[in-house]
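J.: Model the following, please.
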Amino acid sequence: MDFAGSWYPRGREACLSKIESYLTEGDESAAATRSGVAPARIGIVPHAGWVYSGRLAGRTFNCLTNDPGVELVVLLGGHLGQGDPIVAMVEGEWETPFGPFVIHEGFTAELERFGSVVLEREGRYTPDNSTELQLPFAKHRFPAARLLPLRVPPGNVAIDLGRSLAGYLERSGLNAVVIASTDLTHYGPNYGFTPKGRGPSALAWVRAENDAAFIRAVESGQSPAILAAMHRKHAACSAGSVVAANEIALSRGQRFRTLAYTTSADVSAELGAGESAENFVGYLSGVYC
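T.: The predicted structure is shown next:
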């Protein structure tokens, strides 16, 4: 638990308290739309520290199935470059505040056709918040499930991996949910991305144009458009995860529905820290149905 105690609380009781508050808040705010989207089995969540991303994660998890028989959580993360290999954990356990998530091993053979794949194991892995920050939510919601964690590069391999996962889930008959994790535009001098300068106008541009274009691409269901929006507009940090999830959804005739969008600047303003337009990140919550 590399990010416990900083990005999210350390310890079972502290995590449980925060997750239940996010789920309760998410349930109330999603009340008007849940009947149209639940129960979903594929969702998108952000992966900033929980103070920024927890409420949106709660909205997504609230619209996922309540089925206690879920056997597998496919967790798709990112933070990779276009030419990087897939990163997969294929054995062992991943510790969470709610107990260990046993790794699902059945997909390992499918990964062989992708050539160079980084296979991680307990004690030999790269810490990554795009995956770890979802584990307490997923383990709390689906305590009997096993975990298939995959970090997905933002290139055509994401399309191929998504189609492979779709076929595998169909053939295996596993009762599964899929969670894809990405944040949107990283804007400001800290991120080396300031095409609209600084100040409120830059924040408005990210909200209304840059992030909006990426969300429209996801809603279109066109994986090449999702990748193009990331690469042309620097509009997401982990678009490969979204593309893989999109391909699974397409195989089931499902399309993306946005539940919520915000930025770290909005959250900071709500917390009374003031709205900073210098450095900020966009966050998205939604499901496929």
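J.: so where's this protein shaky on pLDDT?
T.: Across the chain, the ranges flagged by pLDDT under 70 are 26-38, 272-277.
J.: Taking the centroid of it, which residue is nearest it?
T.: Nearest residue to the geometric centre of the chain (CA atoms, centre = their mean): S181, 1.3 Å.
J.: Tell me if I'm right that L227 and V243 touch.
T.: Yes. Taking contacts as CB atoms under 8 Å, L227 lies within contact range of V243: 6.1 Å. In short, each C-beta sits where N, CA and C put it, glycine included.
J.: These two: who's more crowded?
T.: V243 (32 against 22; other CB atoms under 10 Å).
J.: is it true that the more buried one touches A158?
T.: Yes. Counting by CB under 8 Å, V243 touches A158, with 3.9 Å between them.
J.: shared neighbours, the two?
T.: Shared contacts of V243 and A158, defined by CB atoms under 8 Å, 6 or more residues apart in numbering, comprise V152, S223, L227.
J.: Is the last one in a helix, a strand, or coil?
T.: Under the three-state scheme (DSSP: H, G, I helix; E, B strand; the rest coil), L227 adopts helix.
J.: Would you mind measuring from it to T182?
T.: As judged by CB to CB, to the nearest Å, L227 and T182 stand 12 Å apart.
J.: do P39 as well
T.: 22 Å.
J.: higher neighbour count, these two?
T.: T182 (32 against 13).
J.: for that one, what are its contacts?
T.: The contact partners of T182, taken as CB under 8 Å, 6+ apart, are I44, P46, H47, G78, S130, A236, C237, S238, A239, S241, V242, L284.
J.: which residue packs closest to it, ignoring adjacent ones?
T.: S238 (3.9 Å; CB to CB, 6 or more residues apart in numbering).
J.: doesn't G81 make contact with that neighbour?
T.: No. Counting by CB under 8 Å, G81 is not a contact partner of S238; they are 11.2 Å apart.
J.: for the chain, what spans make up the helices?
T.: 12-29, 34-37, 50-62, 108-111, 129-132, 135-141, 156-172, 200-205, 211-220, 223-233, 239-251, 264-270 (DSSP state H).
J.: closest one to N190 among these?
T.: For the helices of the chain, proximity to N190 was assessed by CB to CB; helix 264-270 is nearest, at 11.3 Å.
J.: how far away is V102 from A145?
T.: 9 Å.
J.: Neighbour count: those two, which is higher?
T.: Taking other CB under 10 Å, V102 and A145 do not tie; A145 has more neighbours (23 against 13).
J.: Give the full set of residues in contact with that one.
T.: Per CB under 8 Å, 6+ apart, neighbours of A145: V70, E71, L72, V73, F101, A138, V177.
J.: got TSV for those residues, with neighbour count and distance to R124 too?
T.: Listed next are those as TSV, based on neighbours: other CB atoms under 10 Å; distance: CB to CB, whole Å:
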residue	neighbour count	distance to R124
V70	21	28
E71	16	26
L72	20	23
V73	24	22
F101	25	17
A138	26	22
V177	23	27
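J.: which residues does the nearest residue in space to Y8 that is not next to it in sequence contact?
T.: Nearest residue to Y8 in three dimensions, chain neighbours excluded: W50, at 4.5 Å (CB to CB, 6+ apart). By CB under 8 Å, 6+ apart, the contact set of W50 is W7, Y8, P9, K18, Y22, A57, L133.
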